[in-house]
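Participant: Only the shape, not the letters, is given here:
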Ligand SMILES: Nc1ncnc2c1ncn2[C@@H]1O[C@H](COP(=O)(O)OP(=O)(O)OP(=O)(O)O)[C@@H](O)[C@H]1O
Ligand SMILES: [Mg+2]
């Protein structure tokens, strides 16, 4: 379980990214975070694995306040949290398999990993992960030769190879077309169900949020302004979160099933 | 007729342009005046007409018995030249990596200016001066040449490497860190694969330059084909100079083609 | 070669991270490079360990022999440095003027005559392979000792480089304006003057400055064969083992080159 207790975050330039956030994220939940651009969605997600570090409050993961963690503990924590980025963040010039294997780095000794000596189980695990997102046949292809949707699935496989308890996805479908977006979201949802991985996704589109989320968190100006099950959410709720009327841009459309 | 008035055109203000023009002209005029007045560019006569020289270098050389006899020797010198260039490039290409990382802003932040300073210093040093220093300190021979070529290559390669590093996609490094990789691992897996092709391509390109450079190092005693060329020219044995020159031209041309071919394949 | 797609198993049932063909190819490349280096190191006696052990000698030499420099020698050095600079300036100017016709003849989008194109290109390539020092050697024999042969050698040397660089930027210019002028009946010179020149002028200036930087460095060497400039006294003082004077030469040359580079780089940055 992940618990935010009075968490605030002030950026070095003085901007307040998070304001007194209190949240409890239960194991296995599929949570979608929505809000306008600049609302602090990325900041919220990134503070969980401390790519940005909250400046106040407590962030408790499995009973420990992670904000006190030393470098080593923090790395340990990060190995259990997979992350998916809008721009995939793959090493374009290396093979898909090597990219997926890099998810094991935190578990592999430095010397061993620098020599490229991953254990066989890790290689098997990597291939299994690729299989689960349906692109195992691309294992030896260079990452830059795949389409955007395939690259995003590689990055999901990379996260899976970590055997994570949590997956964080920061706008994973923002660079993809509608049909591909649905494929990627379905992959995430399937993994969430099968492995009981707590999944936190930032999304721009409200129809997608409603379709895939168990629970929706709404943010505005660094504050959590809504938190409730997806079933309780209506268009009205979004208008409250956004502080304006819903526009066409807020809806993705496309494959609804 | 005044067209400007008729069509109501605003002429752009050209004073700034003319001032700049005048300034540049003045500087250039001064430089050239100095050049022509302080340097004695007179023709001091010679033993040989250009035509005779050309004939002896590139024609007579094929019919000279001494040249025939010495061709294997010349080829040996050319091999030594290539060896100097290769060993020098290799040293330079490897040592330039840490300095390149040091000089890259996205890797070492404020410290990058130290790396940039070192590299600028090395590059401002003409190769021959390094060769002079190395010959005087470690003795004559190709070893001094290798050191001179090596250190000079660091200067250029380090700069090019740092530019490559500065242009890479840093989001990968962030992704690896987010999955719990250590700093070293994140660098090794996130940065190295992105830069290896360019690094190798630049190193090969530098090898072309180093081959040319090592042909002249012999003049200060740093090995290679330079020394026998000077010797032959002192004896006015232009047929011999011609053959060595032809060997250089052929070998350098072949290397340029090979290098261009390999570099095209890499990137 | 065929891209490997399906995960494969090798003899002992392990799944490779890198497909076998790729691995073999990489191993071969690495082995070849290492082997070439071993040969090179053997011939030059520059074994890896000697690279490190060599440096104390260099430091000793700098400390004991080069220092302190003989500053009173600065006058001679300045005169010669000025000569070196003049040689570089004049030869670059000449090369700048003369490279233009060659560059256009070497550009496939302007010169459509295949034979002329190939011949000029070949000639310039050969010119670039001849080390500047050997050019100087030959010119000294033909023109006599002194800066004139230095200027000639640097001119020929930089002509090849400049023509090559310039022809490449000519080949990459926007074809539109050229066609427009051709379409309105312009001849090849008008096409060059009004279509191509405006597009390449910044590159042309920048390359000229770059070649000037190269020539300043190259002209240091030429004096060794009697073609004028700082190299002449450098050789003389080396032969006399006057390392204090050599130190003055080295330091002042370094400073001069740095200043020229700095100014030139500044101007080039503004141009492009
Ligand atoms: N490194 C930083 N330094 C200073 N301010 C930052 C930094 N990163 C983000 N911010 C600011 O914090 C606020 C929240 O940013 P965040 O990236 O979390 O928004 P977001 O909701 O993810 O927006 P988007 O939908 O555009 O990605 C923004 O106003 C942003 O300008
Ligand atoms: Mg964001």
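Facilitator: Right, received. Where do you want to start? Predicted, not measured: the structure shown is a model, and the values here were computed from it. Residues are numbered from 1 along each chain as shown, chains lettered A, B, ... in the order given. Ligands and ions are numbered 1, 2, ... in the order given.
Participant: how about the helices in the stretch 51-200 of chain A?
Facilitator: With DSSP state H, counting those that start in this stretch, the ranges of helices along the stretch 51-200 of chain A come out as A:71-79, A:96-101, A:110-114, A:120-132, A:148-161, A:178-195.
Participant: and the shortest one with chain C, contact?
Facilitator: Translated: helix A:110-114. No - if you take Cβ under 8 Å from any Cβ of the partner chain as the test, helix A:110-114 misses chain C, and the best it gets is 11.6 Å. C-betas here are computed from N, CA, C, even on glycine.
Participant: Tell me which stretches of the stretch 151-272 of chain C form helices.
Facilitator: Under DSSP H, counting those that start in this stretch, the stretch 151-272 of chain C gives helices at C:175-183, C:188-190, C:197-222, C:230-239, C:243-271.
Participant: okay, the ones you listed in CSV with distance to chain A, mean neighbour count and mean pLDDT next?
Facilitator: Output for those, formatted as CSV (distance: least, Cβ to the nearest Cβ, whole Å; neighbours: other Cβ atoms under 10 Å in any protein chain shown; pLDDT from 0 to 100):
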stretch, distance to chain A, mean neighbour count, mean pLDDT
helix C:175-183, 30, 13, 76
helix C:188-190, 43, 12, 78
helix C:197-222, 30, 21, 88
helix C:230-239, 45, 21, 88
helix C:243-271, 30, 17, 88
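Participant: ok, back up a step: can you say which of the helices of the stretch 51-200 of chain A is packed in most?
Facilitator: Each of the helices of the stretch 51-200 of chain A was scored by mean neighbour count; the highest is helix A:96-101, a mean of 27, by mean count of other Cβ atoms under 10 Å in any protein chain shown.
Participant: can you list contacts of that helix?
Facilitator: A:90-91, A:118, A:122-123, A:126-127, A:129-130, A:135, A:138-143, A:146, A:154-155, A:157-158, A:161, B:189, B:193, C:7, C:17-18 (Cβ atoms under 8 Å, 6 or more residues apart in numbering or on different chains).
Participant: Ok, stretch C:187-199 next?
Facilitator: C:104, C:110, C:170, C:173-174, C:177-178, C:180-182, C:186.
Participant: Worst mean pLDDT among the helices of the stretch 51-200 of chain A?
Facilitator: Lowest mean pLDDT of these: helix A:110-114, a mean of 80.
Participant: chain center to the helix-or-strand element of chain A with minimal mean pLDDT: distance?
Facilitator: Lowest on mean pLDDT, DSSP states H and E among the helices and strands of chain A sits helix A:110-114, with a mean of 80. Taking Cα atoms, centre = their mean, to the nearest Å, one finds the center of helix A:110-114 at 27 Å from the center of the full chain.
Participant: Check whether that helix comes near chain B.
Facilitator: Yes - with Cβ under 8 Å from any Cβ as the criterion, chain B is reached by helix A:110-114 at A:110, A:113-114.
Participant: Nearest to ligand 1: which residue in the stretch 51-200 of chain B?
Facilitator: residue B:174 (12.1 Å; Cβ to the nearest ligand atom).
Participant: Counting neighbours, what do you get for residue A:67?
Facilitator: 18 (other Cβ atoms under 10 Å in any protein chain shown).
Participant: Would you confirm that it contacts residue A:60?
Facilitator: No - shown here, residue A:67 and residue A:60 do not form a contact pair, counting by Cβ atoms under 8 Å, at 9.0 Å.
Participant: what residues are up against the residue nearest the centre of chain B?
Facilitator: By Cα atoms, centre = their mean, chain B has its centre lying nearest to residue B:209, at 4.6 Å. Residues in contact with residue B:209 (Cβ under 8 Å, 6+ apart) are residue B:156.
Participant: now it: how far from residue C:41?
Facilitator: Separation of residue B:209 from residue C:41 (Cβ to Cβ, to the nearest Å): 20 Å.
Participant: Alongside chain C, which residues does the stretch 151-267 of chain B contribute?
Facilitator: Within the stretch 151-267 of chain B, the positions adjacent to chain C are B:212, B:215-216, B:219-220, B:223, B:226, B:229-230, B:233, B:236, B:238, B:241, B:245, B:248-249, B:252-253, B:256 by Cβ under 8 Å from any Cβ.
Participant: Just give me the neighbour total for residue A:13.
Facilitator: Residue A:13: 5 neighbours (other Cβ under 10 Å).
Participant: For it, give me the pLDDT.
Facilitator: At residue A:13, pLDDT is 92.
Participant: Kindly report the same for residue C:30.
Facilitator: 91.
Participant: Just the element for it, please.
Facilitator: helix C:20-44 (DSSP states H and E).
Participant: Quick check: which element contains residue B:67?
Facilitator: helix B:65-103.
Participant: quick one: that helix to chain centroid distance?
Facilitator: That offset, for helix B:65-103, works out to 13 Å (Cα atoms, centre = their mean).
Participant: just checking, next helix/strand downstream of it?
Facilitator: Criterion used, DSSP H and E; the element after helix B:65-103 is helix B:105-108.
Participant: how close does the residue in the stretch 51-200 of chain B that chain A sits nearest to get to residue A:74?
Facilitator: Per Cβ to the nearest Cβ, residue B:180 is where the stretch 51-200 of chain B lies closest to chain A, at 2.7 Å. Computed with Cβ to Cβ, the distance linking residue B:180 and residue A:74 is 8 Å.
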